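Student: no sequence for this one, just the structure:
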């Protein structure tokens, strides 16, 4: 995966497959699918369509997929700035799996409105969140929950707030979960794409 974005969101559902995930999405959107307000179909992955999502109200679109060598991990990305956090949480609750959600910004200039965050939700619903973001005219850092076994908490003591959690650290944490960020759009299997067609 080439880093040609200022911002992208990625969620990863651990211990899940596309059949189970698809069933959960169909359950959540059942009425809107029946009324043709939204559609869900098999597709190829074009991850660049989720680069630099726009803020505000617009028709949601997202894709979810597995990789051939990771059949029990579902990847998810969307055109929403918040990564469709509420949907991901609801879907995780239905499935009962672990969830990792990340916001990644390689460009840390204020013009890019950068944010880097790493959220882990366990099967029992406990949460660990680390984030740094540019808020108006300064950097802010936020952390909650108990550290995960693979975290390097020394990072969070760095003088520069934007260096306490950044894209490189998020990649490191993902690798501890056997997820290689640079390969997430390679060797794809079972990709599905959701589109909203109208507000209904």
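Tutor: Right, received. Where do you want to start? Keep in mind that this is a model prediction, so the values were computed, not measured.
Student: ok, the most far-flung residue of the chain relative to its centre - contacts?
Tutor: The centre of the chain is farthest from one residue, residue 35, which by CA atoms, centre = their mean lies 27.9 Å away. With contacts defined as CB atoms under 8 Å, 6 or more residues apart in numbering, the neighbours of residue 35 are residue 200. All C-beta spots, glycine's among them, are computed from the backbone N, C-alpha and C.
Student: Please apply the same query to residue 152.
Tutor: 169, 172.
Student: in this structure, which segments are predicted with low confidence?
Tutor: Scanning the chain for pLDDT under 70 picks out the ranges 1-2, 110-112.
Student: which residues of it fall in strands?
Tutor: Here the chain has its strands, by DSSP state E, at 8-14, 38-42, 61-67, 70-78, 98-104, 115-121, 127-135, 138-144, 188-196.
Student: Out of the ones you listed, which is closest to residue 173?
Tutor: When the strands of the chain are compared by CB to CB, strand 115-121 sits nearest residue 173, at 5.7 Å.
Student: Show me what the closest one is in contact with.
Tutor: In contact with strand 115-121 (CB under 8 Å, 6+ apart) are residues 7, 89, 92, 98-105, 127-134, 145, 148, 162, 165-167, 169-170, 173.
Student: Only whichever of these are buried, select them in PyMOL.
Tutor: One line in PyMOL is enough to select the buried members of these, burial here meaning 16 or more other CB atoms under 10 Å:
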select buried, resi 7+89+92+98+99+100+101+102+103+104+105+128+130+131+132+133+134+162+165+166+167+169+170+173
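Student: re earlier: identify whichever of the strands of the chain lies nearest to residue 52.
Tutor: strand 8-14 (7.5 Å).
Student: about what we covered before: could you export the strands of the chain to JSON lines, including columns for distance to residue 49?
Tutor: Output for the strands of the chain, formatted as JSON lines (distance: least, CB to CB, whole Å):
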{"stretch": "strand 8-14", "distance to residue 49": "11"}
{"stretch": "strand 38-42", "distance to residue 49": "15"}
{"stretch": "strand 61-67", "distance to residue 49": "7"}
{"stretch": "strand 70-78", "distance to residue 49": "9"}
{"stretch": "strand 98-104", "distance to residue 49": "16"}
{"stretch": "strand 115-121", "distance to residue 49": "20"}
{"stretch": "strand 127-135", "distance to residue 49": "24"}
{"stretch": "strand 138-144", "distance to residue 49": "29"}
{"stretch": "strand 188-196", "distance to residue 49": "9"}
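Student: Among the ones you listed, which comes closest to residue 31?
Tutor: Judging these by CB to CB, what sits closest to residue 31 is strand 38-42, at 9.7 Å.
Student: orientation of the closest one relative to strand 61-67 in degrees?
Tutor: 30 degrees (axes from the mean of the first three to the mean of the last three CA atoms, to 10 degrees).
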